[in-house]
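Undergrad: Sequence first, predicted coordinates after that:
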Amino acid sequence: MTIDNGKKKKSFFNRMLDSIEYAGNKLPDPIVLFFILCGIVLVVSAITSFFNVSAVHPVTGEKIEAQNLLTGTSFADFLTTMVKNFTDFPPLGMVLVMMLGVGLAEQSGFFSTLMKKAVTSTPKKVLIPSIILIAIIGNAAGDAGPIVLPPLAATVLMAFGYHPMVGLVVAYASTLGAFAANLIIGMSDTLATGFTEIAAQTVNPDYTANPAMNYYFLAVSAIFLLFVSVWVTHKFTIPRFGVYTGEIQQLDEITADEKRGLRWAGISTVVFLGIILALVIPENGILRNPETGSILEGSPLITGIVPLLTIFFFIPGLFYGLGAKTIKTSKDFGDMLGKAMSTMGSYIVLVFAAAQMLAFFAASNLGPIIAIKGADFLNSVGFTGIPLFIAFILFVALVNLLIGSASAKWAILAPIFVPMFMFLDYHPAFTQILYRIGDSITNPITPMLPYLVLLLSFAKKYDKNVGLGTLISALFPYTLFFGIFWIIIVVIWFLLGIPVGPAGPIYLN
């Protein structure tokens with residue numbers, strides 16, 4: 001359909017995406033957003049304190065009153081605790097420590113070569129499922145997944161007779177749409193857990209979270225979403241793009257040095273895993289709980305999961321670098337670690353701003369008051385259980401269209417929803433699962449993630465006329481069906497009452 005000026009009239013969906021992109025671009029940078037939220041919390045604390053806003057804790061019976069932070073005493077307290085708020089912020093240490101391992105594996109070239117090897121050595125009949133599985137697991141590799149895998153998948157699929165756009169779309173959608181799902185505990189688990197722990201401690205100061213507390217659910221989700229993505233690819237993506245008539249590109253072969261690096265990395269990983277098993281399997285293994293002998297409950301294996309994961313990524317990254325000769329001297333090694341940590345600069349500033357905002361929020365008592373009153377309201381209208389879960393997932397999915405950063409969203413939402421769900425008797429680990437589903441499913445279509453523009457630049461190599469609308473319309477089926485099936489999975493999981501991970505039950509009590 002055309003209009004008088006000869007230009008194609010945009011569809012409703014494309015106009016909606018344009019509106020989302022416009023609104024999202026109007027939002028300030030997440031770092032600035034947190035400083036703005038600090039100011040809002042200060043003003044709201046003064047207003048609510050003036051009107052004597054309060055709530056009664058449903059467990060302890062304690063009356064919780066809003067505290068005015070616009071006082072001289074509060075300002076003095078802020079000056080004396082500002083540094084401590086930042087340095088004691090749980091996600092900061094966990095993420096930076098883990099980045100040492102993940103960053104080295106990425107900088108040495110281990111992740112990218114491993115993905116290339118996995119994709120190029122796969123038979124055609126299982127090529128697309130393998131690409132999807134690599135994309136889902138590749139989430140643990142940080143930026144390597146959405147940056148390295150799509151163009152790699154495009155080139156490989158093109159060599160097997162598929163349109164290269166199929167490779168771009170399926171790899172991008174599977175990496176980001178199933179972002180939370182994985183068979184490996186990674187950086188995103190560590191990051192989310194830190195914010196969840198802080199939020200839960202407003203209700204129970206003794207609560208501690210662990211990065212593995214969602215593992216059972218997310219590992220099973222990874223398998224289910226693999227099949228969903230395969231079905232969507234064959235049902236929608238491949239027919240949509242048809243036959244490619246352009247020039248067929250050839251993928252560079254893996255060099256002898258890279259092969260040696262992968263071999264050394266594989267051997268070192270097997271040795272490391274063997275050592276871990278030797279410390280876990282015996283009844284008196286030092287990674288078991290020394291009192292109960294449990295492998296999961298209160299064991300060093302779980303409480304020390306972040307250092308163990310750091311080593312798990314660090315060792316193959318190091319040995320790959322030595323074998324592939326990307327690490328030739330100690331200076332190379334130091335430079336790679338430095339480059340890896342330099343990418344965390346914006347995250348560190350974000351954490352500083354988030355830590356101050358959350359400290360204000362905790363001192364004002366606004367979080368518990370909102371959570372208690374919100375839980376009371378939901379109970380009074382009977383809006384709990386499955387309808388509440390679905391509504392929360394969809395709410396997060398919509399917010400994700402405007403704020404792409406997973407850490408920024410959860411830092412804002414966790415202090416309200418984690419306590420609220422706790423007052424409704426849902427464990428923080430289960431609330432975190434609901435958040436992570438919503439945070440993942442709209443990732444492929446949100447214009448707020450920088451990877452989408454990068455994907456467009458890859459796509460223009462094969463079709464110079466392709467636009468964001470083309471990409472997003474092709475990615476949308478993954479968002480839709482990931483959302484539908486992931487909601488079905490979590491509802492069934494809830495009805496069965498299965499823990500979502502170690503120390504991650506459905507219910508609080």
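TA: Structure's in. What do you need?
Undergrad: those helices in the stretch 151-300 of the chain, which residues are they?
TA: Here the stretch 151-300 of the chain has its helices, by DSSP state H, counting those that start in this stretch, at 164-177, 187-200, 215-232, 238-241, 256-280, 300-303.
Undergrad: These: which one's closest to residue 109?
TA: helix 256-280 (7.5 Å; Cβ to Cβ). C-beta: built from backbone N, CA, C; applies to glycine.
Undergrad: From the contact counts, what lies against that closest one?
TA: Judged by 3 or more Cβ pairs under 8 Å, 6 or more residues apart in numbering; DSSP states H and E, helix 256-280 is in contact with helix 110-120, helix 305-324.
Undergrad: Serialize these to JSON lines and add fields for distance to residue 82.
TA: Output for the helices and strands packed on helix 256-280, formatted as JSON lines (distance: least, Cβ to Cβ, whole Å):
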{"stretch": "helix 110-120", "distance to residue 82": "37"}
{"stretch": "helix 305-324", "distance to residue 82": "25"}
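Undergrad: least reliable of those helices going by mean pLDDT?
TA: With a mean of 82, helix 110-120 has the lowest mean pLDDT of the helices and strands packed on helix 256-280.
Undergrad: what comes up buried for that one?
TA: Within helix 110-120, the residues that qualify as buried are 110-116, 118-120, counting by 16 or more other Cβ atoms under 10 Å.
Undergrad: Out of the residues you listed, which two are the most distant from each other?
TA: The largest separation in the buried residues of helix 110-120, counting by Cβ to Cβ, is between 110 and 120 at 15.9 Å.
Undergrad: circling back to that earlier point, distance to residue 389 and mean neighbour count added to the helices of the stretch 151-300 of the chain, as JSON lines?
TA: JSON lines is the format used below for the helices of the stretch 151-300 of the chain (distance: least, Cβ to Cβ, whole Å; neighbours: other Cβ atoms under 10 Å):
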{"stretch": "helix 164-177", "distance to residue 389": "19", "mean neighbour count": "29"}
{"stretch": "helix 187-200", "distance to residue 389": "16", "mean neighbour count": "25"}
{"stretch": "helix 215-232", "distance to residue 389": "13", "mean neighbour count": "20"}
{"stretch": "helix 238-241", "distance to residue 389": "32", "mean neighbour count": "16"}
{"stretch": "helix 256-280", "distance to residue 389": "34", "mean neighbour count": "16"}
{"stretch": "helix 300-303", "distance to residue 389": "26", "mean neighbour count": "19"}
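Undergrad: between those, which gets nearest to residue 367?
TA: Using Cβ to Cβ, the nearest of the helices of the stretch 151-300 of the chain to residue 367 is helix 187-200, at 7.5 Å.
Undergrad: Can I get the closest one in CSV, CA atoms only?
TA: Output of helix 187-200 as CSV, limited to C-alpha atoms (Å, rounded to 0.1, in the frame of the first residue of the first chain):
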residue,chain,number,x,y,z
MET,A,187,28.1,-13.7,34.8
SER,A,188,24.4,-12.9,34.5
ASP,A,189,23.6,-15.3,37.3
THR,A,190,26.2,-13.6,39.5
LEU,A,191,25.0,-10.1,38.7
ALA,A,192,21.3,-10.8,39.3
THR,A,193,22.0,-12.6,42.6
GLY,A,194,23.7,-9.6,44.1
PHE,A,195,20.7,-7.3,43.6
THR,A,196,18.3,-10.0,44.8
GLU,A,197,20.3,-10.5,48.0
ILE,A,198,20.3,-6.8,48.9
ALA,A,199,16.5,-6.5,48.2
ALA,A,200,15.7,-9.6,50.3
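Undergrad: closest to residue 206 among the buried residues of helix 110-120?
TA: Ranked by distance to residue 206 (Cβ to Cβ), those are led by residue 111 at 37.9 Å.
Undergrad: returning to what we had before: would you mind putting the helices of the stretch 151-300 of the chain into JSON lines with distance to residue 399 and mean pLDDT alongside?
TA: Compiled in JSON lines, the helices of the stretch 151-300 of the chain are given as follows (distance: least, Cβ to Cβ, whole Å; pLDDT from 0 to 100):
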{"stretch": "helix 164-177", "distance to residue 399": "16", "mean pLDDT": "93"}
{"stretch": "helix 187-200", "distance to residue 399": "15", "mean pLDDT": "89"}
{"stretch": "helix 215-232", "distance to residue 399": "21", "mean pLDDT": "96"}
{"stretch": "helix 238-241", "distance to residue 399": "29", "mean pLDDT": "89"}
{"stretch": "helix 256-280", "distance to residue 399": "38", "mean pLDDT": "94"}
{"stretch": "helix 300-303", "distance to residue 399": "31", "mean pLDDT": "84"}
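Undergrad: Figure out which of those helices is closest to residue 64.
TA: helix 187-200 (15.5 Å).
Undergrad: how about the nearest residue to residue 214 once chain neighbours are set aside, what does it touch?
TA: Leaving aside its chain neighbours, residue 214 sits nearest to residue 501 (4.7 Å; criterion: Cβ to Cβ, 6 or more residues apart in numbering). By Cβ atoms under 8 Å, 6 or more residues apart in numbering, the contact list for residue 501 reads 212-218, 429.
Undergrad: before we move on, what about residue 444?
TA: Taking Cβ under 8 Å, 6+ apart, we find residue 444 in contact with 172-173, 176-177, 475-476, 478-479.
Undergrad: hmm, 6 Å instead?
TA: Listed by Cβ atoms under 6 Å, 6 or more residues apart in numbering, the contact set of residue 444 reads 173, 176-177, 475, 478-479.
Undergrad: measure it to residue 156 for me?
TA: Distance of residue 444 to residue 156, computed by Cβ to Cβ, to the nearest Å: 20 Å.
Undergrad: circling back to that earlier point, and the buried residues of helix 110-120 as JSON lines, adding distance to residue 242?
TA: Shown next, in JSON lines, are the buried residues of helix 110-120 (distance: Cβ to Cβ, whole Å):
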{"residue": "110", "distance to residue 242": "36"}
{"residue": "111", "distance to residue 242": "32"}
{"residue": "112", "distance to residue 242": "30"}
{"residue": "113", "distance to residue 242": "32"}
{"residue": "114", "distance to residue 242": "32"}
{"residue": "115", "distance to residue 242": "27"}
{"residue": "116", "distance to residue 242": "27"}
{"residue": "118", "distance to residue 242": "27"}
{"residue": "119", "distance to residue 242": "22"}
{"residue": "120", "distance to residue 242": "24"}
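Undergrad: Could you point out which of those is nearest to residue 241?
TA: Nearest to residue 241 among those is residue 119, at 18.8 Å by Cβ to Cβ.
Undergrad: so how many other residues sit close to residue 88?
TA: With neighbours defined by other Cβ atoms under 10 Å, the count for residue 88 comes to 13.
Undergrad: quick one: which of the contacts of residue 444 is nearest residue 36?
TA: In terms of Cβ to Cβ, no member of the contacts of residue 444 lies closer to residue 36 than residue 176, at 27.2 Å.
Undergrad: Would you mark the buried spots in stretch 154-162?
TA: By neighbour count on 16+ other Cβ under 10 Å, the buried set for stretch 154-162 is 154-159, 162.
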